[in-house]
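Novice: need the 3D shape of this:
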Amino acid sequence: MTSLIDRDALFPAEPGVRSTARALYETVAGLPIISPHGHTDPRWYALDEPFPDPARLLIVPDHYIFRMLFSQGVALEDLGVARPDEGPVEADGRRIWKLFAENYHLFRGTPTRLWMDYVLSSLFGANEPLSAATADRTYDRIAERLGEPAYRPRALFERFNIEVIATTEGALDDLRWHKVIRESGWKGRVVTAYRPDAVTDPDFEGFSTNLDRLGEITGEDTGSWSGYLAAHRKRRAYFKSFGATSSDHGHPTADTANLGDGEAASLFDRVRTGKADAGERRLFRGQMLTEMARMSLDDGLVLQIHPGSWRNHSPSIMARHGRDMGFDIPTRTDYVAALKPLLDAVGLERELTVVLFTLDESAYSRELAPLAGVYPALRLGPAWWFHDSPEGMRRFRELTTETAGFYNTVGFNDDTRAFPSIPARHDIARRVDCAFLARLVAEHRLREEEAFELATELAYTLAKKAYRL
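Specialist: Residues are numbered from 1 along each chain as shown. You can find the predicted model right below:
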């Protein structure tokens, strides 16, 4: 039985260029994985317990999968997706898996199909194309493997050749699982990242209560502007003590602000007491990006900005299933005007690193590449979320390299909750980048020896350097 992944997958069709791409890829395929931003659960590495059944590992937590199935009329409850009200959902993993297999054709041509075929074939040795007819055999094969010690989280971490992985925790998280990892003596490097949205976004549910909790945790007066900022500094230091090298900010827009101390304190008072209107809440989010950038100058955390998603677009799904249920939709995003207050304040600082992401590809060549191509503090994050695909990765290189070059980018990060797919995602990124480099060599725009240097930079070195890992 042959592998589901062809050895020349994603390489150019023209034989000579394909040969160069293959040669480049062979030098980076085995490099360690640097995963500087993601959402895997630190509990997995802390407890090192067997993963649950195949459905709960590969389907139930993956919004890429269930959003596609939902769009074709499959209920989230039938896929085992939990409800905050503890309403009934399917609990039989085999039934969930069979429903997925029966609808696997819906993923043809999508990156999800590539990732899943890679996981089934390379990780579990299931080389039959998934379908209704093969569903039970594939399920049984995976379930059997998951019972083996070699398929526990720490063993897979080592098998995947992960050098370091960053999880992402909210500002109010006690990092208990990171403590367990540290105290266990295991050598795998799992660090955290500071995600303060719940206490920087006035539209986040429970914002006022969250600020109260922030004050309790830090012993600071989060009823005052100065105390609120001091609380953030303490939390950032706490996260750094567990290996954090970055903060992460998921804002609706890329807006920043640079208010004077008095204005900022007055705005905070209005936000804190619930009197701020929509414009003032937006202004506050922007001010906090600039404040976080200033704090990064002090403590060295890399600032990541993930803007441009209309999150939880369906209020019905939000009410029924909660956040992050596949209903986050990209929006048009301005960067040139939006980032100017932050850049006026700290954009020329060479010791600061601000990594910009986008869901608006039209901004790559028009705004993002020119900005990162001149401001020392700025770097471009890789193709993200909806564009974390072969075509999205190619477009990213095509639209940014001419203006920003390669060295104002930060390599690849997988940004995923789907732990088994991490090697697949990095492998696909390495293949796409090698194909892009091979084309430049074929067009005599890059010397071959330079392409081999760049292949390693893009696969490994740039991410390690940018995220200070």
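Novice: what's around the residue nearest to Thr245 when sequence neighbours are not counted, how many residues?
Specialist: Excluding the flanking residues, the one nearest Thr245 by C-beta to C-beta, 6 or more residues apart in numbering is Arg468, at 4.6 Å. In short, each C-beta sits where N, CA and C put it, glycine included. Neighbour count of Arg468, defined by other C-beta atoms under 10 Å: 12.
Novice: doesn't Leu462 make contact with Pro36?
Specialist: No. Judged on C-beta atoms under 8 Å, Pro36 makes no contact with Leu462 at a distance of 10.2 Å.
Novice: overlap in contacts, the two.
Specialist: The contact sets of Pro36 and Leu462 overlap at Val410 (C-beta atoms under 8 Å, 6 or more residues apart in numbering).
Novice: ok, those two, which is more surrounded?
Specialist: Pro36 (27 against 22).
Novice: re the thing from before, now the residue nearest to Thr245: which helix or strand?
Specialist: Counting by DSSP states H and E, there is no helix or strand that carries Arg468.
Novice: on the pLDDT front, check it for me.
Specialist: Arg468 is assigned a predicted lDDT (pLDDT) of 97.
Novice: same thing with Ser3?
Specialist: Predicted confidence (pLDDT) for Ser3: 73.
Novice: can you pull the contacts of it?
Specialist: Ser121, Ser122, Asn127.
Novice: so which of these is surrounded by the most neighbours?
Specialist: Highest neighbour count within those: Ser121, with 19 neighbours (other C-beta under 10 Å).
Novice: quick check, it in contact with Asp6.
Specialist: No. The pair Ser121 and Asp6 does not pass the contact test of C-beta under 8 Å, sitting 10.6 Å apart.
Novice: show me the contacts for Glu367.
Specialist: Glu367 touches Asp334, Tyr335, Val336, counting by C-beta under 8 Å, 6+ apart.
Novice: what's the closest non-adjacent residue to the second one?
Specialist: Closest residue to Tyr335 apart from its sequence neighbours, by C-beta to C-beta, 6+ apart: Glu367 at 4.4 Å.
Novice: one more: the first one?
Specialist: On the basis of C-beta to C-beta, 6+ apart, the spatially nearest residue to Asp334 that is not a chain neighbour turns out to be Ala254, at 6.7 Å.
Novice: what helix or strand does the one you found sit in?
Specialist: Assigned by DSSP H and E, Ala254 falls outside every helix and strand.
Novice: next, count neighbours for it.
Specialist: Ala254 has 27 neighbours, counted by other C-beta under 10 Å.
Novice: repeat for Phe327
Specialist: Neighbour tally, Phe327, other C-beta under 10 Å: 19.
Novice: circling back to that earlier point, filter the contacts of Glu367 down to the ones in strands?
Specialist: Among those, DSSP state E puts none in strands.
Novice: and of the residues you listed, the nearest to Ala13?
Specialist: Closest approach to Ala13 among the contacts of Glu367 (C-beta to C-beta): Tyr335, at 35.0 Å.
Novice: just checking, that closest one touches Leu356?
Specialist: Yes. Look at Tyr335 against Leu356 with C-beta under 8 Å: they come within range, at 7.0 Å.
Novice: touching both of these two, which residues are there?
Specialist: Shared contacts of Tyr335 and Leu356 (C-beta under 8 Å, 6+ apart): Ala254, Leu368, Leu371.
Novice: adding pLDDT and distance to Phe327, write those residues out as TSV.
Specialist: Formatted as TSV, those follow (pLDDT from 0 to 100; distance: C-beta to C-beta, whole Å):
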residue	pLDDT	distance to Phe327
Ala254	98	21
Leu368	98	26
Leu371	98	30
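Novice: ok, the residues you listed vs Thr112, which is closest?
Specialist: For those, the nearest to Thr112 is Leu368 (25.8 Å; C-beta to C-beta).
Novice: re the thing from before, quick one: buried ones out of the contacts of Glu367?
Specialist: Tyr335 (16 or more other C-beta atoms under 10 Å).
Novice: burial of the closest residue to Glu291 other than its chain neighbours, as a residue count?
Specialist: Distances taken as C-beta to C-beta, 6+ apart place Leu229 nearest to Glu291, at 6.5 Å, with adjacent residues excluded. Leu229 is flanked by 19 other residues according to other C-beta under 10 Å.
Novice: same question, Glu351
Specialist: 10.
Novice: what about it, distance to Phe157?
Specialist: The gap separating Glu351 from Phe157 is 32 Å, by C-beta to C-beta, to the nearest Å.
Novice: please, where are all the strands along the chain?
Specialist: 33-35, 162-166, 169-170, 190-191, 194-195, 246-249, 302-305, 309-310, 329-330, 354-356, 378-380.
Novice: enumerate the positions of the longest one that are buried.
Specialist: Translated: strand 162-166. By 16+ other C-beta under 10 Å, the buried positions in strand 162-166 come out as Ile162, Val164, Ile165, Ala166.
Novice: now do stretch 6-13
Specialist: Quick answer for stretch 6-13 (16+ other C-beta under 10 Å): Ala9, Leu10, Phe11, Pro12.
Novice: tell me how the protein divides into domains.
Specialist: As given by automatic domain parsing, the domain ranges for the chain are 15-49+159-466, 51-151.
Novice: need the winner for burial among these.
Specialist: domain 15-49+159-466 (a mean of 19; mean count of other C-beta atoms under 10 Å).
Novice: what's the first-to-last distance across that domain?
Specialist: 35 Å (C-alpha to C-alpha, to the nearest Å).
Novice: what do you get for stretch 361-381?
Specialist: Start and end residues of stretch 361-381 are separated by 12 Å (C-alpha to C-alpha).
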